[in-house]
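Visitor: heads up, no residue letters with this:
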């Protein structure tokens, strides 16, 4: 069993340089990225210690006090939405989150018992993306093109950082959207911003239709 270290936690590494990993300092984009990395673990049938992806972010003792600060402790939200409600500046939200994780690690360490990456028997990438195209809010928290970008980047770059096996079909999806975005709008990422309220249209570019 790996002894938890901050440098081995994907969430902590991203918080050190959110612009490079996410394109913008946003807790909700961080959530989408980490969820994408977890999804790659599931789809490649790998099991990881949860702290390697999330650190303490999914532990109720960590996020419930943040939610309580909104004045609505029973809201069905977690750390990302709560922090964006509490801080006018998204950068301030990320800096606060980084400090909270560092303090938690110093005082408690990370729980090495919980796991992520336990797939359903029928899990595969095309089926999952068809479901995402039908109900993007269920997977991304909201129908948002940049959230889709971060989710796919989490599967891709986040999964690579975690040392997960290649995910069949992922490269074709990521590169297909990037190539059409470059042809149409001048950069590999612009389409995610232009289609910001309709991520399902971006997936349609690579043959993924709602199901």
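Guide: Now that the structure is in, tell me what you want to look at. Predicted model only: the values in this text are computed from it and were never measured.

Visitor: And the strands in this structure?
Guide: 48-49, 115-116 (DSSP state E).

Visitor: I'd like these written out as CSV, with mean pLDDT added.
Guide: Below are the strands of the chain laid out as CSV (pLDDT from 0 to 100):
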stretch, mean pLDDT
strand 48-49, 93
strand 115-116, 90
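
Visitor: highest average neighbour count across the ones you listed?
Guide: strand 48-49 (a mean of 21; mean count of other C-beta atoms under 10 Å). Where C-beta positions appear, they are placed from N, C-alpha and C, glycine not excepted.

Visitor: Run through who's touching it.
Guide: For strand 48-49, the surrounding residues in contact (C-beta atoms under 8 Å, 6 or more residues apart in numbering) are 1-2, 4, 41, 112-117, 162.

Visitor: Can I get the strands of the chain in JSON lines including distance to residue 82?
Guide: Below are those laid out as JSON lines (distance: least, C-beta to C-beta, whole Å):
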{"stretch": "strand 48-49", "distance to residue 82": "25"}
{"stretch": "strand 115-116", "distance to residue 82": "21"}
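
Visitor: for these, which one sits closest to residue 70?
Guide: strand 115-116 (26.3 Å; C-beta to C-beta).

Visitor: quick one: strands adjacent to the closest one?
Guide: With DSSP bridges as the test, strand 115-116 is paired with strand 48-49 (antiparallel).

Visitor: if we can go back for a sec, which one (most neighbours) among the contacts of strand 48-49?
Guide: residue 41 (25 neighbours; other C-beta atoms under 10 Å).

Visitor: got a list of what that residue touches?
Guide: The contact partners of residue 41, by C-beta under 8 Å, 6+ apart, come to 47-48, 53, 116-117, 159, 162, 164.

Visitor: quick one: which of those residues is nearest residue 26?
Guide: Taking the contacts of residue 41 together and measuring to residue 26 by C-beta to C-beta, the closest member is residue 53, at 17.7 Å.

Visitor: if I pick the closest one, what's in contact with it?
Guide: 9-11, 34, 37-38, 41, 116, 158, 162.

Visitor: so of those residues, which ones are in helices?
Guide: The helices, defined by DSSP state H, take in 10-11, 34, 37-38, 41 from the contacts of residue 53.

Visitor: Widest-spaced pair of the contacts of strand 48-49?
Guide: Using C-beta to C-beta, the contacts of strand 48-49 span at most 18.3 Å, a distance reached by 113 and 162.

Visitor: Which of the ones in helices among the contacts of residue 53 has the largest number of neighbours?
Guide: Most neighbours among the ones in helices among the contacts of residue 53, by other C-beta under 10 Å: residue 37, with 29 neighbours.

Visitor: got the contact list for the residue nearest to it when sequence neighbours are not counted?
Guide: Leaving aside its sequence neighbours, residue 37 sits nearest to residue 158 (C-beta to C-beta, 6 or more residues apart in numbering; 3.3 Å). Listed by C-beta under 8 Å, 6+ apart, the contact partners of residue 158 are 10, 33-34, 36-37, 40, 53.

Visitor: Reformat the residues you listed as CSV; add pLDDT and distance to residue 193.
Guide: Shown next, in CSV, are these (pLDDT from 0 to 100; distance: C-beta to C-beta, whole Å):
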residue, pLDDT, distance to residue 193
10, 98, 24
33, 98, 16
34, 98, 21
36, 97, 18
37, 97, 22
40, 95, 24
53, 97, 26
